[in-house]
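Trainee: just to be clear, the model below is a prediction. Sequence and coordinates:
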Amino acid sequence: MNPLPPGSTIGILGGGQLGRMLAIAAAQLGFDVHIFTDEPDSPASRVAAKTAIGSYQDHAALADFARHVHVVTTEFENVPAETAEALIAAGARVAPTPNALAIAQDRFDEKSYFLSAGIATPPFKAIGSQDDLDAAIFEIGAPAILKTRRLGYDGRGQIRIKTAADAKGAYAKLGAPGILEGFCAFEREVSIIAARGLDGTIAFYDLNENEHAGGILSRTTLPANVSEATSIEAQAAAQRVLEAFDYVGVLTIEFFVMPDGSLIANEMAPRVHNSGHWTIEGALTSQFEQHIRAVAGWPLGPTTRIAAIEMLNLIGEDANAWPQLAADPTARLHLYGKRDVRAGRKMGHVTKLKSS
Ligand code: AMP
């Protein structure tokens, strides 16, 4: 495929803050953006040329969207894989592929996929009943974490099982098919953001070190406090996943770093990621521009990091501090334009660049 010329239209499924930052990056390269979302008045639609509001199951609306865009990409991984298939059937080019979306949506399939690619995971078992859970606790042991297979994010849909007694009634409480994972006594959490272009070129950003509060990312810092060998292991894992999927775009893998420096994969996101927001100011090419470049068939940009980084998420009422943050010369402030402040909602972030 020839690179899409400026003036072409990029379609984005999803209207959240990731779509908003993708749309801003696309505009910078001269593209128009159309958003498809089921949410009226979304953060992304307010910076895009056009928005179609419809259900991800509405094939007629999807076909109409497909006719008006030159490529379709996604900003959240829970876009049903059938939606991507329907767009392809309607003649759209879709990146990433429906297969990558489908696997990343199901924690059991995702972990099985990691293992097949030679990437270590916590011990895990699929759970479809309380009996399965009891057997899995017997096999994996406690502490462990019971998670829903699908639609869990930011720590939602998870039950911590500290001792075997906590497993009693836990399947009913989860309320959906699940996966039991052995608890990893990790030293720190990191993520790698990598991109693959249409020509197969791969680029990596430096490893992000991530801190979570209540299951939600709260702080990312770089450089990550890990050895060179650990960074190389993360890059090798990302490369295997990108190549196995014949992936085009940005992909993120989250890992636990164990005390011996080895990595255990937690999950992947077939998209730009919260832990990469620092790349807007802190890298020569932001993750958002990189993703747009990849899906448009442009060469990837340089990923060099230009400073030490601290990125802080503004969750819920944190965003009410915007007057102070706006007055802080060390903080680059991003607000997502969400109308209501709600507890646990990602409202914005700040990035601080420091001399390394
Ligand atoms: P997740 O939604 O799966 O990314 O989980 C949210 C957070 O819960 C992770 O970033 C970890 O801090 C923690 N967590 C999830 N799974 C495990 C595990 N198997 N062992 C230890 N901590 C975990």
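Mentor: Thanks, I have the structure now. Numbering: from 1, shown residues only.

Trainee: show me which positions of the helix or strand where A294 lies end up buried.
Mentor: Using DSSP states H and E, A294 sits in helix 287-295. Residues of helix 287-295 classed as buried: Q287, F288, E289, Q290, H291, I292, R293, A294, V295 (neighbour count, 16 or more other CB atoms under 10 Å). Heads up, the C-betas are built off the backbone N, CA and C, glycines and all.

Trainee: can you check stretch 321-338 too?
Mentor: So, applying 16+ other CB under 10 Å, buried residues of stretch 321-338: L325, A331, R332, L333, H334, L335, Y336, K338.

Trainee: gap between that stretch and the chain center?
Mentor: In terms of CA atoms, centre = their mean, to the nearest Å, the centre of stretch 321-338 is found 23 Å from the chain centre.

Trainee: for it, what is the average pLDDT?
Mentor: Mean pLDDT, computed over stretch 321-338, is 97.

Trainee: got the phi and psi for the nearest residue in space to A269 that is not next to it in sequence?
Mentor: Excluding its sequence neighbours, the residue lying closest to A269 (CB to CB, 6 or more residues apart in numbering) is T252, at 4.5 Å. Phi and psi for T252, reported as degrees, to the nearest 10, are phi -120, psi 140.

Trainee: re earlier: just the ones of the buried residues of stretch 321-338 in strands?
Mentor: Secondary structure from DSSP state E places R332, L333, H334, L335 of the buried residues of stretch 321-338 in strands.

Trainee: quick one: these as CSV, columns for distance to the ligand too.
Mentor: Shown next, in CSV, are these (distance: CB to the nearest ligand atom, whole Å):
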residue, distance to the ligand
R332, 25
L333, 25
H334, 22
L335, 24
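
Trainee: list the contacts of the residue nearest to A269.
Mentor: S191, I192, I193, A194, M268, A269, R271, V272, H273, S275, G276 (CB atoms under 8 Å, 6 or more residues apart in numbering).

Trainee: from the buried residues of helix 287-295, pick the one nearest Q28.
Mentor: The shortest gap between Q28 and any of the buried residues of helix 287-295 belongs to E289, at 6.9 Å (CB to CB).

Trainee: now do the SS call for I264.
Mentor: Following DSSP: H, G, I helix; E, B strand; the rest coil, I264 is assigned to strand.

Trainee: gap between it and P122?
Mentor: 6 Å (CB to CB, to the nearest Å).

Trainee: list residues touching both of the two?
Mentor: The contact sets of I264 and P122 overlap at C184, F256 (CB under 8 Å, 6+ apart).

Trainee: quick one: name the residues of this protein near the ligand.
Mentor: Applying CB under 6 Å from any ligand atom, one finds that the chain approaches the ligand through P122, I145, G152, G155, E181, F183, C184, E189, H212, G215, N266, E267.

Trainee: buried subset of those residues, written for PyMOL?
Mentor: Filtering these down to the buried ones (16+ other CB under 10 Å) takes a single PyMOL command:
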select buried, resi 122+145+152+181+183+184+189+266+267
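
Trainee: in TSV, list the residues of the chain next to the ligand along with distance to V69, pLDDT and secondary structure.
Mentor: What follows is the residues of the chain next to the ligand, written out as TSV (distance: CB to CB, whole Å; pLDDT from 0 to 100; DSSP: H, G, I helix; E, B strand; the rest coil):
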residue	distance to V69	pLDDT	secondary structure
P122	39	98	coil
I145	39	96	strand
G152	30	69	coil
G155	34	63	coil
E181	38	98	strand
F183	44	97	coil
C184	41	97	coil
E189	36	98	strand
H212	35	96	strand
G215	34	86	coil
N266	33	97	strand
E267	29	95	strand
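
Trainee: what is V94 paired to in the beta sheet?
Mentor: The residues listed as beta-bridge partners of V94 by DSSP bridges are V72.

Trainee: could you list the low-confidence segments of the stretch 1-150 of the chain?
Mentor: By pLDDT under 70, the stretch 1-150 of the chain has no low-scoring segment.

Trainee: need the helices for the stretch 201-350 of the chain, in chain order.
Mentor: Ranges of helices in the stretch 201-350 of the chain, per DSSP state H, counting those that start in this stretch, are 228-244, 279-282, 287-295, 322-327.

Trainee: CA atoms of the third one as PDB?
Mentor: So that's helix 287-295. Provided in PDB are the C-alpha atoms of helix 287-295 (Å, rounded to 0.1, in the frame of the first residue of the first chain):
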ATOM      1  CA  GLN A 287       3.000   7.200  20.700                       C
ATOM      2  CA  PHE A 288      -0.100   8.800  19.200                       C
ATOM      3  CA  GLU A 289       1.800  10.200  16.100                       C
ATOM      4  CA  GLN A 290       3.600   6.800  15.900                       C
ATOM      5  CA  HIS A 291       0.300   4.900  15.700                       C
ATOM      6  CA  ILE A 292      -1.100   7.300  13.100                       C
ATOM      7  CA  ARG A 293       2.100   7.000  11.100                       C
ATOM      8  CA  ALA A 294       2.000   3.200  11.200                       C
ATOM      9  CA  VAL A 295      -1.700   2.800  10.200                       C
END
